[in-house]
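>>> Quick check, what structure comes out for this input:
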Amino acid sequence: MPDSTKISVVIPAYNAANTIAETLDSLSSQTRAADEIIVVDDGSTDATSDVVVNHPVGAKVVKQSNSGAAAAFNNGIGNASGDYIALLDADDIWTPEKLQVQEAALQVHGTGAIILGHVEAFECPSQPSELFANLAYVKGKTPGYLAGTVLVRRDLIAGEANCLDTSLRTGYFIEWYRRRKSEGVETVMLDDLVMRRRIRANTLSRRQTSTADGLSKDFLEIARRAILEKKQQDKTG
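You can find the predicted model right below:
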């Protein structure tokens with residue numbers, strides 16, 4: 001990769017005033033600094049934008065009416081000027097060497113590879129510990145098939161053909177990843193821990209109780225698309 005390679009970070013944020021400063025702190029601590037940081041305020045009604053503007057990391061704020069995380073990611077990517085795009089949610093935290101190890105991986109695997117890394121969950125410290133006593137979630141270091149772990153060349157995630165699917169509430173990144181895999185794009189899962197994912201008890205509860213029209217519906221749709229695509233490939237192959 002040339003020395004002039006530019007990495008843009010895109011963060012969608014909705015009413016994230018209580019967490020986004022810590023997220024931006026993790027960008028300030030990167031051993032390979034981001035060249036551009038774009039926070040898309042997705043119609044927040046709290047002080048999210050004020051927190052971002054006053055943070056020393058120097059992020060740019062793009063505002064939109066509330067349209068969901070996928071639309072906010074797409075908006076931020078469209079406003080980004082970097083050769084490579086990294087995504088991050090407004091309540092998660094990168095480990096300090098995240099961008100450095102992923103940029104190094106591109107030098108090994110090629111600039112067209114999708115680079116991911118491992119993730120671990122942490123319980124939100126602002127919530128009482130007893131709320132987490134009976135919650136079931138994966139603990140420890142695990143492969144991170146999440147938006148916040150990716151570093152990818154801009155053309156593989158920008159534009160109408162390659163953007164995140166805004167019709168999906170929760171599965172938009174997995175669907176994007178599935179489409180790129182089906183196109184033969186190389187994907188690399190680094191063993192490095194690159195992100196810490198914030199767990200909040202109320203968020204988990206909503207996910208667990210919304211399967212009728214939320215998470216399960218999205219992933220059933222993703223599975224349906226994959227099956228149809230495989231059938232089409234079998235017919236033409």
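
>>> ok, which stretches of this protein are strands?
Ranges of strands in the chain, per DSSP state E, are 7-13, 36-42, 60-64, 84-87, 93-94, 114-123, 142-144, 151-153, 187-199.

>>> Redo the ones you listed as JSON lines? Include mean neighbour count.
Placement of C-beta: from N, CA and C, glycine included. JSON lines is the format used below for these (neighbours: other CB atoms under 10 Å):
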{"stretch": "strand 7-13", "mean neighbour count": "26"}
{"stretch": "strand 36-42", "mean neighbour count": "25"}
{"stretch": "strand 60-64", "mean neighbour count": "16"}
{"stretch": "strand 84-87", "mean neighbour count": "26"}
{"stretch": "strand 93-94", "mean neighbour count": "22"}
{"stretch": "strand 114-123", "mean neighbour count": "20"}
{"stretch": "strand 142-144", "mean neighbour count": "16"}
{"stretch": "strand 151-153", "mean neighbour count": "24"}
{"stretch": "strand 187-199", "mean neighbour count": "18"}
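
>>> Of all those strands, which one is nearest Arg180?
The closest of those to Arg180 is strand 114-123. By CB to CB, the value is 6.1 Å.

>>> From the contact counts, what lies against the closest one?
Here strand 114-123 touches helix 98-109, strand 142-144, strand 151-153, strand 187-199, going by 3 or more CB pairs under 8 Å, 6 or more residues apart in numbering; DSSP states H and E.

>>> Please identify which of these is closest to Cys163.
Cys163 lies closest to strand 151-153 among these, at 12.1 Å (CB to CB).

>>> Please state the offset of that closest one from the chain centre?
Mean-position distance between strand 151-153 and its chain equals 11 Å (CA atoms, centre = their mean, to the nearest Å).

>>> For that strand, give the mean pLDDT please.
Strand 151-153 carries an average pLDDT of 98.

>>> what's the answer for stretch 37-48, then?
Stretch 37-48 comes out at a mean pLDDT of 98.

>>> and the residue lying closest to Ile20 once chain neighbours are set aside, backbone torsions?
In this structure, Ile20 finds its nearest non-sequential neighbour in Ala90, 4.6 Å apart by CB to CB, 6 or more residues apart in numbering. Dihedral angles of Ala90 (phi, psi; degrees, to the nearest 10) stand at phi -80, psi 0.

>>> For the helices and strands packed on strand 114-123, could you give me TSV that also reports distance to Ile37?
Below are the helices and strands packed on strand 114-123 laid out as TSV (distance: least, CB to CB, whole Å):
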stretch	distance to Ile37
helix 98-109	11
strand 142-144	20
strand 151-153	14
strand 187-199	16
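
>>> Select, out of these, the one closest to Gln64.
The closest of the helices and strands packed on strand 114-123 to Gln64 is strand 151-153. By CB to CB, the value is 22.1 Å.

>>> Packing partners of that closest one?
Using 3+ CB pairs under 8 Å, 6+ apart, strand 151-153 is in contact with strand 84-87, helix 98-109, strand 114-123.

>>> Quick one: closest of the helices and strands packed on strand 114-123 to Val9.
Val9 lies closest to helix 98-109 among these, at 8.3 Å (CB to CB).

>>> List the buried residues of the closest one.
98-99, 101-106 (16 or more other CB atoms under 10 Å).
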